[in-house]
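Undergrad: here is a sequence together with a model predicted from it:
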Amino acid sequence: MILVTGASGTVGKAVLAEVARSGAKHRAMYRSKAEAAKAPAGTETVFADFSDKASLAFALRGVASVYLVCSPVRELVQLEGNAIDACEAAGVRRIVLNSAMGAGDYGKSFPSWHRQVEDKLNATKMARCILRPNSFTQNVVTYFAPSIREQGAFYGAMDDARTSYVDVQDIATIAAKALQDGAHDGKVYELNGPEALTYKEVAEKI
């Protein structure tokens, strides 16, 4: 049994769809009944919260592999740490962790938070695969669409800095394989797209 956490999120939703397509027995974790109703056909759903250890224990019953992802909130280290502890207690064999590009290289913000979670996971006896994606292509729509619609512009303090965007579907394809294939155990994959773009180049493409 595979458990996909963050199943209503940008990446979690794509991972869930990929796992469902594979035919593997799986379960999706939600906090909202409305979101759970959108799960792919054949998906078992469960309601749980990273801050509620009892609910995590219930969600993890019979689970062998877990896709672990959390929103980039200040409590990320504690919340994902709770999930790792619960996985250990439940006898989970493998975790595929959605980390971030630059984890450990920066002293503040979410890359360093992700590294703390990586370190906790690496200290366990569970098999693990760590994915470190760069900015999602989908974030262009998520964050820029409102001002583009209203003003024909988007904004960011980036100057000529370049970002190598990666599509969440590519992340999902890798995650789904790692959840089912021990060949990826112990691996750390830094994921980025085929080209690094400035905001000016993004605007030209749009």
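TA: Ah, there it is. Residues are numbered from 1 along each chain as shown.
Undergrad: which one in the protein is furthest away from the centre?
TA: What lies farthest from the middle of the chain is residue 151; by C-alpha atoms, centre = their mean that is 31.5 Å.
Undergrad: ok, now how distant is that residue from residue 199?
TA: Separation of residue 151 from residue 199 (C-beta to C-beta, to the nearest Å): 15 Å. For the C-beta atoms, the positions are set from N, CA and C on the backbone; glycine is no exception.
Undergrad: same deal with residue 75?
TA: Distance from residue 75 to residue 199, by C-beta to C-beta: 30 Å.
Undergrad: over to residue 111?
TA: In this structure, residue 111 and residue 199 are separated by 20 Å, where distance is defined by C-beta to C-beta.
Undergrad: likewise residue 52?
TA: As defined by C-beta to C-beta, residue 52 lies at a distance of 40 Å from residue 199.
Undergrad: one more: residue 119?
TA: Taking C-beta to C-beta as the measure, residue 119 and residue 199 are separated by 33 Å.
Undergrad: settle it for me: which of these two has more neighbours?
TA: With other C-beta atoms under 10 Å as the criterion, residue 119 and residue 199 differ in neighbour count, and residue 199 comes out ahead with 19 against 12.
Undergrad: tell me where the protein has strands.
TA: Counting by DSSP state E, the chain has these strands, from start to end: 2-4, 26-30, 44-47, 65-68, 94-98, 127-133, 188-191.
Undergrad: export the ones you listed as JSON lines, with columns for mean neighbour count and mean pLDDT.
TA: Formatted as JSON lines, the strands of the chain follow (neighbours: other C-beta atoms under 10 Å; pLDDT from 0 to 100):
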{"stretch": "strand 2-4", "mean neighbour count": "29", "mean pLDDT": "98"}
{"stretch": "strand 26-30", "mean neighbour count": "25", "mean pLDDT": "97"}
{"stretch": "strand 44-47", "mean neighbour count": "15", "mean pLDDT": "95"}
{"stretch": "strand 65-68", "mean neighbour count": "28", "mean pLDDT": "98"}
{"stretch": "strand 94-98", "mean neighbour count": "25", "mean pLDDT": "98"}
{"stretch": "strand 127-133", "mean neighbour count": "22", "mean pLDDT": "96"}
{"stretch": "strand 188-191", "mean neighbour count": "16", "mean pLDDT": "94"}
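Undergrad: could I get those as JSON lines with distance to residue 84?
TA: Shown next, in JSON lines, are those (distance: least, C-beta to C-beta, whole Å):
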{"stretch": "strand 2-4", "distance to residue 84": "13"}
{"stretch": "strand 26-30", "distance to residue 84": "14"}
{"stretch": "strand 44-47", "distance to residue 84": "18"}
{"stretch": "strand 65-68", "distance to residue 84": "7"}
{"stretch": "strand 94-98", "distance to residue 84": "7"}
{"stretch": "strand 127-133", "distance to residue 84": "9"}
{"stretch": "strand 188-191", "distance to residue 84": "16"}
